[in-house]
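**Student:** what follows is a predicted protein model with its sequence.
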Amino acid sequence: MSTTIILPRTIIEHAKREAEKLGISLEEYLLELISSNMDPKDKALEYVKVAKELLEQAREELRKGDLRQAAEKVWGAAALSIKAYAYWKEGKRLASHGELWGYKEKVSKELGEWVREAWIMASSMHICFYEGWCARGDVEITCRHVERLVKEVEERIRG
């Protein structure tokens, strides 16, 4: 479920610029601001919730035929899942693509090698957003792999 909040254009533009500087989505930037004082487990679960919403948005973008937006939402869901795991496991904030790639190793060791495959597929979706080279089937299959990642991370966090 999503809610519409109306903010002045200047605030939205500022938030978008700040998110861009950090190399993260606007949704993740706002989530980080809002959840800054949360317990790591609660924060991790909030990241999972947003990842699930991004997957739903990806499916909607696929229905509309916007592969680039769908691909970016799938990438965002994967990134948030890895970040959620790091918050839950170590109270650690992952702030760069390099940190995500590195932490994916830990998640792969704990959940299984399939995590690596899902991550690599999701990373190709990030490229697709910028280059527009992927096919619909690429986005659909990656979405299924990332759905598994989100689900498994959530189950691990919830215990």
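**Tutor:** Alright, I've got the coordinates.

**Student:** which other residues reach the lowest-mean-pLDDT helix or strand in the chain?
**Tutor:** Here the helix or strand of the chain ranked lowest by mean pLDDT, DSSP states H and E is helix 26-34, holding a mean of 82. For helix 26-34, the external contacting residues (Cβ atoms under 8 Å, 6 or more residues apart in numbering) are 15-16, 18-19, 22, 24, 46-47, 50, 53-54, 76, 79-80, 83, 93. Using the backbone N, CA and C atoms, a C-beta is placed for each residue, glycine as well.

**Student:** low-confidence regions, this structure specifically.
**Tutor:** Filtered on pLDDT under 70, the chain yields the residue ranges 1.

**Student:** please enumerate the helices of it.
**Tutor:** In the chain, the helices defined using DSSP state H lie at 9-22, 26-34, 40-64, 67-90, 97-111, 114-131, 136-158.

**Student:** of all these, which lies closest to residue 2?
**Tutor:** Closest to residue 2 of those is helix 40-64 (Cβ to Cβ; 6.5 Å).

**Student:** and the closest one, what's buried?
**Tutor:** Residues 40-41, 43-55, 57-59, 61-62 are the ones in helix 40-64 that count as buried (16 or more other Cβ atoms under 10 Å).

**Student:** what's the answer for stretch 96-114, then?
**Tutor:** So, applying 16+ other Cβ under 10 Å, buried residues of stretch 96-114: 100, 103-104, 107-108, 111.
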